[in-house]
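J.: Got a predicted structure here, sequence first:
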Amino acid sequence: MNSSNLTETLCIVGAWLVTFGAVGAYGAAVILRGRRLSKIVPPEQRRWM
Amino acid sequence: MTTTKIQSASTVSPAPTGTGSRGTKVLGGFALVFLAIAVVYGLFISPPDAQLGNTIRIIYMHVPTVMAAYLAFIITAVSSGMYLWKRTEFWDLLGSSAAEIGVLFFAVTIVDGALWGKVTWGVFWRWEPRLTTSAVLLIMYIGYLAVRAIPADPRTRATRCAIIGIVAIVNVPIVHKAVDWWRGLHQGKTVLGTIDPEMGGTQLFAMYSSLIAGLLVCVWLLIHRFRAGFLAERASDLGLDQALEERRLESSPATGEDA
Amino acid sequence: MSQPGGVLGDALLVARKDLLLERRAKIGIGQVLPFAILVLLLFAFALDPDRGILKLATPGLFWVTVLFSAVLTLQRSFALEAEDGILEALRLSGMSPAGIYLGKVTALTIELLLLEAVLVLGVAVLYDTKFLGIPLLFAIALLATLGIAGAGAVYGALAARLRSRETLLPLLLLPLLAPVLIAATRGCEVSLEREAMSGWPWAALLGIFALVYLTLGSFLFRPLLEDA
């Protein structure tokens, strides 16, 4: 009983952590990549609307 | 000459130093607000479900990610079709950016589904229709990204990807149907991934706020990924000049020419 | 494009060319077919044949073997074209892309059906299978093979000119064909009387799959030949 409660809590927390972790890590990677690339690309070619 | 042009351009209004803009900041802000609501309601305020118990809290993550993934794949498909019609870099970049984000969300969906299964069934994986479908579709889009990663002339690469993007989306309903019938013979309907109309108020609130948050995050990521992809293309356009320039700078102190 | 033969004429021409090439080279009979029979043997080694697992799994094993053999056949069929620049030559000769596509599909379908015919004999002998519901079996084999060839020709042509085609084609094609595997396997189980439900819905699903991919391929083959 106790161990199944533990599994449940672990799985719920795990699901949220995986979701936020994976999406967050991907977002961070994209942002950093964008910053790195903007140093190379001249300003007149990086205007967003 | 060129430097003065750049300076005059940047004094008018400074060019952004990343892939952000006012639009993405507002969008990101909204996404964060909804995410915060989803965390508070989904994890703490909303009660356990009558049928699902506390595992409904996994569903609060599972449904938004699968919806975001499908949104991304639909964008990929539409962009693929538009690319074959218009042949512009915009549609190619949009399609490939969306495919990458779709794969990300789909992978997360499957992990969430397996964790839900661990609590509900006691095992991580059962051949549950939605999980099975997701696994097949995930691998299909990993194939898209694999083709995308092969260096090629931009038009060639874009055409290959557009064809795969169209073929893949057409397969989605067929895989759904086949897997549904396949499992339908052996087990009853599943609750995973459906929004129960009898959900209580706070549960519904948690579900919808996480759904909205998921879709906002998806769009926000898509814009950033698109811009990063655009910058990468410009950088590779510059690539050759850049490499030559760097070579010249590296060699100049040693040889003393151009000093 | 005012070809005398039109799309169907082009298709027949390409199909005849492919079948003629195959008859001369005998790769299908000499290599793919022995490979397929070898897979049947390996399954028997992996799944203890005395405990009836083999008999239960026969339709699935049969169709998995067909899928693997189809990948090999496709590699072969399109590698020839890519190496010799035949696809370019066909396109420049003014043939319609849809005709070229349908021709490739026809040739592939015929080759795969012949392979399946031999494999059925192999399964009957090696796995001791008894066949019932022959019309359903025929319908499923034909529709599933059309679907495999229809989807396979698109991805075969797409992967042909890539250096990593040997690994890429299965990665692209096999998930796409997952519904075909499911439908063909379940449908065959009906004709072997392992499932209570009728097998014709599965045949219908296979038919829809084949139709969708033949239509899609006819349209996509033009950009595929021109740009990919």
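T.: Perfect, I can see it now. Residues are numbered from 1 along each chain as shown, chains lettered A, B, ... in the order given.

J.: Would you mind listing what in the stretch 101-250 of chain B touches chain A?
T.: Contact residues, the stretch 101-250 of chain B versus chain A (Cβ under 8 Å from any Cβ of the partner chain): B:101, B:104-105, B:107-108, B:111-112, B:115-116, B:118-119, B:217, B:220-221, B:224-225, B:227-228, B:230-232, B:234-235, B:238, B:242. For the C-beta atoms, the positions are set from N, CA and C on the backbone; glycine is no exception.

J.: which ones among those are found in strands?
T.: Within those, no residue falls in strands by DSSP state E.

J.: now, which of those lie close to chain C?
T.: Among these, chain C is touched by none when using Cβ under 8 Å from any Cβ.

J.: Please type out the ChimeraX selection for whichever of those residues turn out to be buried.
T.: Buried residues within those, by 16 or more other Cβ atoms under 10 Å in any protein chain shown, are selected in ChimeraX with:
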select /B:101,104,105,107,108,111,112,115,116,118,119,217,220,221,224,225,227,228,230,231,232,234,235
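
J.: Quick one: the strands in chain A, in order.
T.: Counting by DSSP E, chain A contains no strands.

J.: Where does pLDDT dip in the chain?
T.: You didn't say which chain, so I picked chain A. A:1-2, A:49 (pLDDT under 70).

J.: that's the wrong chain, I wanted chain C
T.: For chain C (pLDDT under 70), the answer is C:1-5, C:193-197.

J.: near chain B, which residues of chain C show up?
T.: Near chain B, when you scan chain C using Cβ under 8 Å from any Cβ, you find C:151, C:154-155, C:158, C:162, C:164, C:168, C:171-172, C:175-176, C:178-179, C:182-183, C:186, C:195, C:197, C:201-202, C:205, C:208-209, C:212-213, C:216, C:220, C:223-224, C:226-228.

J.: Where helices are concerned, which of the residues you listed count?
T.: C:151, C:154-155, C:158, C:168, C:171-172, C:175-176, C:178-179, C:182-183, C:186, C:201-202, C:205, C:208-209, C:212-213, C:216, C:220, C:223-224, C:226-227 (DSSP state H).

J.: and those, which are buried?
T.: The buried subset of those - by 16+ other Cβ under 10 Å - is C:151, C:154-155, C:158, C:168, C:171-172, C:175-176, C:178-179, C:182-183, C:186, C:202, C:205, C:208-209, C:212-213, C:216, C:220, C:223-224, C:227.

J.: Confirm that B:Pro47 sits in a strand.
T.: No - with DSSP: H, G, I helix; E, B strand; the rest coil as the criterion, B:Pro47 is coil rather than part of a strand.

J.: any idea of the pLDDT on it?
T.: Per-residue pLDDT puts B:Pro47 at 86.

J.: quick revisit: among the residues of the stretch 101-250 of chain B next to chain A, which ones are in helices?
T.: B:101, B:104-105, B:107-108, B:111-112, B:115-116, B:118-119, B:217, B:220-221, B:224-225, B:227-228, B:230-232, B:234-235, B:238, B:242.

J.: Which residue is the nearest non-sequential neighbour of B:Ala178?
T.: C:Pro179 (3.6 Å; Cβ to Cβ, 6 or more residues apart in numbering or on different chains).
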